[in-house]
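A.B. asks: Could you work out the structure for the sequence below:
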Amino acid sequence: MSSSAAVASPGSVRARSKSWIDWVLERVESLGWPLWVFYPTLGILEAVVVHISKWSDGSLAFPALSPVHLLLALWTAYPLGLIHALDRLADRALDVFRPALGEGQESLPQLRRALTTMPAGPVLLASAAGIGVLWTARTLTPQLFAPALTSPSAGALWMALASLNFALVGSLIYHTLRQLKLVHDIYARTQKINLFIPEPLYAFSSLSATTGAGWILLLYGTISAFPAILTSGLATVLLAFMFTLSGATFLLPLVGIHNKIVRAKRALLAEVGQRTQSAVQEVYRKLDKDDVDAVGKATLPLNSLIALRGEIAHLPTWPWRPGTLTRFISALLIPLVIFLLQGFLARWVGL
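C.D. replies: Numbering: from 1, shown residues only. So this is what the prediction gives:
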């Protein structure tokens, strides 16, 4: 079954069971807390619990804080919060995109459900894969885990939370790939492309940009808090994959609608070209008759067509607002430049 068919099948969407991630998000929604309050609170509470276990076994002096243990809390709250925020953003983006669906708006409820929930089976597999990566790294690079496994009880707590984190990150990877593939398929349903009213076409660029930026923040936060992770080959490969994913998530879902916009723009230019040719021929006919007044009148629509062609030629073909690409590239590269500069100064200047 094709991906577009998967999006379009209302029965399959309604019948599937909810993922454990969606179950958790529903519980969070029922609390009525703002996301920006709930998820930081969750991270703080987890950080406190982990630090209490370290203060208790003497591996960390009270009230000292450890970046590694703070990172553990980040990797619980952040992926879950990002999934939650992206689902809300996708829901709003679909409403903005709605006019572009044309006669296909009857499928809106199914599209909304597909965008904002995940099937149970694939999420379980993604979660298991994430946990598998963690325990593989635990086996291959035990030195990375030494600061966490300071006592049997504290180590068991740390590994349990880390297993949850990697299950969440595996689910976030699946969520990212699936949701942005759905965006590509939804854009393929576009029936109405009005280049002079482009807002519906911009609808999902904010979702793809936020997804990419969200991954960037997680990656740089991880490396900043735990630079030793770069000594692990497996971890480095995983981080490189996530970094590549963060860049691809912004651009790849928008390629299909970009091509449609290009074709629509070419059609507009072709129509203006034909009308311009007709207007030029009309001017020539008036010139041949030496009718000066008529030439002046015939030139007016020609000038309007030439001006219109210039306006159409400057219409953008990528479905995002001005400045979006620049901001995304800045978010992608500026932290990397700062990180590399810090490494250079630490190594060569001794700062």
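A.B. asks: hey, let's count contacts and neighbours off CA atoms from now on
C.D. replies: Fine.
A.B. asks: send the alpha carbons of stretch 112-120 over as PDB?
C.D. replies: Extracted in PDB, the C-alpha atoms of stretch 112-120 (Å, rounded to 0.1, in the frame of the first residue of the first chain):
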ATOM      1  CA  ARG A 112      -5.800  15.200  11.400                       C
ATOM      2  CA  ARG A 113      -5.800  11.900  13.200                       C
ATOM      3  CA  ALA A 114      -3.000  10.600  11.100                       C
ATOM      4  CA  LEU A 115      -0.900  13.700  11.700                       C
ATOM      5  CA  THR A 116      -1.400  13.800  15.500                       C
ATOM      6  CA  THR A 117      -1.300  10.200  16.600                       C
ATOM      7  CA  MET A 118       0.900   7.200  15.900                       C
ATOM      8  CA  PRO A 119       0.100   3.500  15.500                       C
ATOM      9  CA  ALA A 120       0.900   1.300  18.500                       C
END
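A.B. asks: show me where the stretch 101-250 of the chain has helices.
C.D. replies: Ranges of helices within the stretch 101-250 of the chain are 108-116, 120-140, 142-145, 152-188, 199-202, 205-225, 233-251, based on DSSP state H, counting those that start in this stretch.
A.B. asks: Residue 79 is nearest to which of those helices?
C.D. replies: helix 152-188 (6.1 Å; Cα to Cα).
A.B. asks: so how far is that closest one off the chain centroid?
C.D. replies: 14 Å (Cα atoms, centre = their mean, to the nearest Å).
A.B. asks: likewise stretch 25-43?
C.D. replies: 21 Å.
A.B. asks: And that stretch, what's buried?
C.D. replies: Using 16 or more other Cα atoms under 10 Å as the test for burial, stretch 25-43 gives 25, 28, 38-40, 42-43.
A.B. asks: export those residues to JSON lines and tack on secondary structure, pLDDT and distance to residue 199?
C.D. replies: As requested, the buried residues of stretch 25-43 are exported to JSON lines (DSSP: H, G, I helix; E, B strand; the rest coil; pLDDT from 0 to 100; distance: Cα to Cα, whole Å):
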{"residue": "25", "secondary structure": "helix", "pLDDT": "95", "distance to residue 199": "29"}
{"residue": "28", "secondary structure": "helix", "pLDDT": "95", "distance to residue 199": "31"}
{"residue": "38", "secondary structure": "helix", "pLDDT": "95", "distance to residue 199": "32"}
{"residue": "39", "secondary structure": "helix", "pLDDT": "95", "distance to residue 199": "31"}
{"residue": "40", "secondary structure": "helix", "pLDDT": "94", "distance to residue 199": "33"}
{"residue": "42", "secondary structure": "helix", "pLDDT": "95", "distance to residue 199": "36"}
{"residue": "43", "secondary structure": "helix", "pLDDT": "93", "distance to residue 199": "36"}
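A.B. asks: List just the nearest of the residues you listed to residue 117.
C.D. replies: Closest to residue 117, out of all of those and judged by Cα to Cα, is residue 25, at 9.8 Å.
A.B. asks: quick revisit: the helices of the stretch 101-250 of the chain into a markdown table, with extra columns for mean pLDDT, mean neighbour count and distance to residue 276?
C.D. replies: Output for these, formatted as a markdown table (pLDDT from 0 to 100; neighbours: other Cα atoms under 10 Å; distance: least, Cα to Cα, whole Å):
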| stretch | mean pLDDT | mean neighbour count | distance to residue 276 |
| --- | --- | --- | --- |
| helix 108-116 | 90 | 18 | 41 |
| helix 120-140 | 92 | 17 | 55 |
| helix 142-145 | 78 | 15 | 69 |
| helix 152-188 | 91 | 20 | 32 |
| helix 199-202 | 88 | 22 | 28 |
| helix 205-225 | 84 | 20 | 35 |
| helix 233-251 | 74 | 17 | 36 |
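A.B. asks: How about the contacts made by the nearest residue to residue 121 once chain neighbours are set aside?
C.D. replies: Nearest residue to residue 121 in three dimensions, chain neighbours excluded: residue 19, at 7.2 Å (Cα to Cα, 6 or more residues apart in numbering). Under the criterion of Cα atoms under 8 Å, 6 or more residues apart in numbering, the contact list for residue 19 reads 117-121, 123-124.
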